[in-house]
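1. Need coordinates for the following:
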Amino acid sequence: MSPRDALAHAAAHLRCAAAAAEDRAAQDALNPWWAVAGTIELVAAGLDPIPTEITLSTVDVHQHLQAALAALDEMPADDAPSDFAFWRAHVGDLRTNAVALDGTPAGTTGGDC
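-> Just a heads-up that it's a prediction; the model follows:
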């Protein structure tokens, strides 16, 4: 996978994770998942500001965050953008925070991708 494709693929998974987090928030702006969804969208835009059409199967927020990390981890260090470590760390933090917020990473699906 080319560096550009890896970033686009990770961002696509993040956008799906954001949609799944919004579903969990159930349109409640005070629900913590609502804030998580917005933060995920910001990180996705940082990785790939112009969304690329990538078809992904619908899975839960945790699986999309894990898939985004996997896509980023496929990028060779020599080909990575200069701010790659910054964005990779944010995706890792998002995954950690989502697991902590949920208490259990498996079981809930949502988000149209």
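
2. And the longest helix belonging to the chain, what's buried?
-> Using DSSP state H, we find that the single longest helix of the chain is helix 3-25. Neighbour counts over helix 3-25 (16 or more other C-beta atoms under 10 Å) mark 6-25 as buried. For the C-beta atoms, the positions are set from N, CA and C on the backbone; glycine is no exception.

3. going on from it, what's the next piece of helix or strand?
-> Tracing the chain past helix 3-25, the next element assigned as helix or strand by DSSP states H and E is helix 32-47.

4. any idea how far that next one is from the chain center?
-> Taking C-alpha atoms, centre = their mean, to the nearest Å, the mean C-alpha location of helix 32-47 is offset from the chain mean by 8 Å.

5. Put the alpha carbons of it into PDB.
-> Taking Å, rounded to 0.1, in the frame of the first residue of the first chain, the C-alpha atoms of helix 32-47 are listed here in PDB:
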ATOM      1  CA  PRO A  32     -19.400  11.500  25.700                       C
ATOM      2  CA  TRP A  33     -19.600   9.600  22.500                       C
ATOM      3  CA  TRP A  34     -20.600  12.800  20.700                       C
ATOM      4  CA  ALA A  35     -17.400  14.400  21.700                       C
ATOM      5  CA  VAL A  36     -15.400  11.300  20.700                       C
ATOM      6  CA  ALA A  37     -17.100  11.400  17.300                       C
ATOM      7  CA  GLY A  38     -16.000  15.000  16.700                       C
ATOM      8  CA  THR A  39     -12.500  14.300  17.800                       C
ATOM      9  CA  ILE A  40     -12.200  11.300  15.500                       C
ATOM     10  CA  GLU A  41     -13.400  13.400  12.600                       C
ATOM     11  CA  LEU A  42     -10.700  16.000  13.300                       C
ATOM     12  CA  VAL A  43      -8.000  13.400  13.300                       C
ATOM     13  CA  ALA A  44      -9.400  11.900  10.100                       C
ATOM     14  CA  ALA A  45      -9.200  15.300   8.400                       C
ATOM     15  CA  GLY A  46      -5.600  15.700   9.600                       C
ATOM     16  CA  LEU A  47      -4.600  12.400   7.900                       C
END
